[in-house]
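Student: the following comprises the amino acid sequence and a computationally predicted model.
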Amino acid sequence: MRELAGEDASDACEVWQENRRTLEVFLSLSPRWDIAIGWSAIAWCGIPRHEIEATLRMMLIPRKEHAELLGDLRAMEAAALEILNAKRD
């Protein structure tokens, strides 16, 4: 997974096998996030659903797995948005 994230071994963490595919898709979507830029702030808006669907198709993930992966990805996205949009002092 480090290869996908572009990180070295010092940042490594264990990924359970049942979460591996979700993480692979999430990392593949990293350049697809929407952001809103205002006069004094940037707000992360999330990953457009059409980008998720296109990525799932391009990664040849069976359609029967899409609904579960979408739920997992939305949970990861929500957690990431809390951190990305947190107020910084």
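Tutor: Arrived safely. Numbering: from 1, shown residues only.

Student: distance-wise, check the most centrally placed residue in the chain relative to residue 73.
Tutor: Relative to the mean C-alpha position of the chain, the nearest C-alpha, by CA atoms, centre = their mean, is the one of residue 26, at 3.2 Å. Taking CB to CB, to the nearest Å as the measure, residue 26 and residue 73 are separated by 6 Å. Every residue, glycine included, has its C-beta placed from N, CA and C.

Student: distance of the residue nearest to the centre of the chain from residue 59?
Tutor: Between residue 26 and residue 59 the computed distance is 12 Å (CB to CB).

Student: same check on residue 40?
Tutor: Following CB to CB, the distance that separates residue 40 from residue 59 is 38 Å.

Student: who has more neighbours, the two?
Tutor: Here residue 40 and residue 59 are compared on neighbour count by other CB atoms under 10 Å; more neighbours surround residue 59, at 12 against 5.

Student: please report phi then psi for that one.
Tutor: Dihedral pair for residue 59: phi -90, psi 0, per degrees, to the nearest 10.

Student: so who does it touch?
Tutor: For residue 59, the contact set (CB atoms under 8 Å, 6 or more residues apart in numbering) comprises 24, 25, 28.

Student: just residue 43 next, same as before
Tutor: Residue 43 makes contact with 35, 36, 85, according to CB under 8 Å, 6+ apart.

Student: so which of those comes closest to residue 12?
Tutor: Relative to residue 12, the closest of the contacts of residue 43 is residue 85; by CB to CB it sits at 26.6 Å.

Student: check which residues of stretch 79-89 are buried.
Tutor: The neighbour-count criterion (16 or more other CB atoms under 10 Å) identifies 80, 81 as the buried residues of stretch 79-89.

Student: show residues contacting that stretch.
Tutor: Applying CB under 8 Å, 6+ apart, the external contacts of stretch 79-89 come out as 43, 44, 46.

Student: so the second one sits in a strand?
Tutor: What it means is residue 44. Yes. If the criterion is DSSP: H, G, I helix; E, B strand; the rest coil, then residue 44 is within a strand.
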